[in-house]
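Asks: Predicted model and sequence follow; I will ask about them next.
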Amino acid sequence: MGFFNGVPVSIKGTGMYVPEKVLTNQDLTAMVDTSDEWIRDRTGIRRRHIAAEGELTSSIAEKASREALRNSGISPEDLDMVIVATNSPDTLFPGVAPKLQGMLEAKKAGAFDVQSGCTSGVYSMAIATGGIASGVWKNVLVVGAEVLSRIIDWTDRNTCVLFGDGAGAMVLGPAADGEGHFISANMRSDGTKHDQITLLGGLVEYPASGETLEKKLHYVAMKGNDVFKFVNRVIPPFLKEYCLESGFQPEDISWWFFHQANQRIIDKTAERLGINPEKVVINIHEYGNTSAASVFLALCEFMREGKLQKGEKLLFTAFGAGMTYGGIIYEA
Ligand code: UT7
């Protein structure tokens, strides 16, 4: 954990895009042995949005980015870096970020992807903030974008009911007078748990073969209950310690942006931290788990509602494949 020093870094604008097509829990009952009740009770999810044929991670990232840029008043030519947090890139290389940088004609910007499970979004915010605070970059576009529906096994009820597609974006830059700033970040990993959420096939360890296809290694696999236990054991004390080290009690945080993976995990964490549930931003019922995009979608919707007040503290936190986890605190 550490505090950001140097140039204060502000969120200049946010944007989001979710595909139009909606897949309800009821729709899933025709595909796998599940029920609307099971999915709602165990996860809080009611619907998720699914990319149309031909829609790519880069194309939904572009839509979210254009809104964020518009809202920030910063033009693509003024971007120094484009960072895309994703676990479902169009292709392994090129990354989504360079494609996006080309689509936006952000001619002076560099570009790279961050792929570290669902925590990628929080990691990316911290990387961007560090780069701007140090003076290396000025304006950075940070995007969380996923088309997970293409890497899900739609016959596996352990995973297919959970995930959805979507993209959220934010433009970060040096804070002008009176603007908010990021305060601190804490990024962790427990790589001994690397077997809990995986997509193994098609690369170095398991090169694509008839066997990898047959064993369905090209799809997301998850030991859901192990993840559930790991998160419930590790995340509440991590967040408590992180708040205290940042100089806050958990109740000092005005708005909590949890990774939208499971309503039960969110509720349990909030309860253990003694947080008022009204301070927790929730959209899992509508989008499911959008992995690296989830905290961006939650923030963008929150901003659209115009709820944010000057001086409020926001805490973004996520966990995911790796197992990685982390948090970042912002003062509006
Ligand atoms: O962002 C990535 C991080 N991932 C996560 O955060 C996922 C964390 N894990 C979870 O959210 C939960 O573990 C799940 C929602 C995935 C599963 O809930 P659970 O309470 O841990 O259920 P379980 O895996 O212990 O399974 C309970 C029962 C099992 O049946 P039996 O053995 O009790 O007969 C499962 O076979 O529920 C069954 N089950 C289902 N039933 C209906 C599992 N999936 C389904 C399903 N529909 N989709």
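Replies: Yes, it's here. Numbers count the residues shown, from 1 in each chain.
Asks: Now the phi/psi pair for Ala175, please.
Replies: phi -70, psi 130 (degrees, to the nearest 10).
Asks: How about the contacts made by it?
Replies: Listed by Cβ atoms under 8 Å, 6 or more residues apart in numbering, the contact partners of Ala175 are Val7, Pro8, Val9, Ser10, His181. Just so you know, the C-beta spots here come from the backbone N, C-alpha and C atoms, and that holds for glycine as well.
Asks: Swap in 6 Å and give it another go.
Replies: Going by Cβ atoms under 6 Å, 6 or more residues apart in numbering, Ala175 touches Pro8, Ser10, His181.
Asks: interface residues of the stretch 201-332 of the chain facing the ligand?
Replies: Gly224, Asn225, Val227, Phe228, Ala261, Asn262, Asn289, Ser291, Gly320 (Cβ under 6 Å from any ligand atom).
Asks: Put the buried members of these into a ChimeraX selection.
Replies: In ChimeraX, this line selects whichever of those come out buried by 16 or more other Cβ atoms under 10 Å:
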select :224,227,228,261,262,289,291,320
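Asks: Farthest pair within the residues of the stretch 201-332 of the chain next to the ligand?
Replies: Asn225 and Ser291 (18.9 Å; Cβ to Cβ).
Asks: ranking the contacts of Ala175 by neighbours, who comes first?
Replies: Neighbour tally across the contacts of Ala175 (other Cβ atoms under 10 Å): the maximum, 22 neighbours, falls on Ser10.
Asks: I'd like to know how many residues surround Thr34.
Replies: Counted with other Cβ under 10 Å, Thr34 comes out at 17.
Asks: Confirm it sits in a helix?
Replies: No - secondary structure assignment (DSSP: H, G, I helix; E, B strand; the rest coil) places Thr34 in coil, not in a helix.
Asks: Gly288 versus that one, what's the distance?
Replies: 13 Å (Cβ to Cβ, to the nearest Å).
Asks: Over to Trp256?
Replies: 19 Å.
Asks: Counting neighbours, go ahead and name the busier of those two.
Replies: The neighbour comparison of Trp256 against Gly288 (other Cβ under 10 Å) goes to Gly288, with 29 against 25.
Asks: Quick check, central residue of the chain?
Replies: Ala292 (2.7 Å; Cα atoms, centre = their mean).
Asks: Who are the contact partners of the residue in the stretch 151-300 of the chain that the ligand sits nearest to?
Replies: Taking Cβ to the nearest ligand atom, the ligand has its nearest neighbour within the stretch 151-300 of the chain at Gly224, 2.9 Å off. By Cβ under 6 Å, 6+ apart, the contact list for Gly224 reads Asn158.
Asks: Tell me the pLDDT of it.
Replies: We note a pLDDT of 96 for Gly224 in this prediction.
Asks: One more: Leu200?
Replies: 98.
Asks: quick one, phi psi at the residue nearest to it when sequence neighbours are not counted?
Replies: Spatial nearest neighbour of Leu200, excluding adjacent residues (Cβ to Cβ, 6 or more residues apart in numbering): Leu217 at 4.5 Å. Backbone torsions for Leu217, taken as degrees, to the nearest 10, come to phi -80, psi 0.
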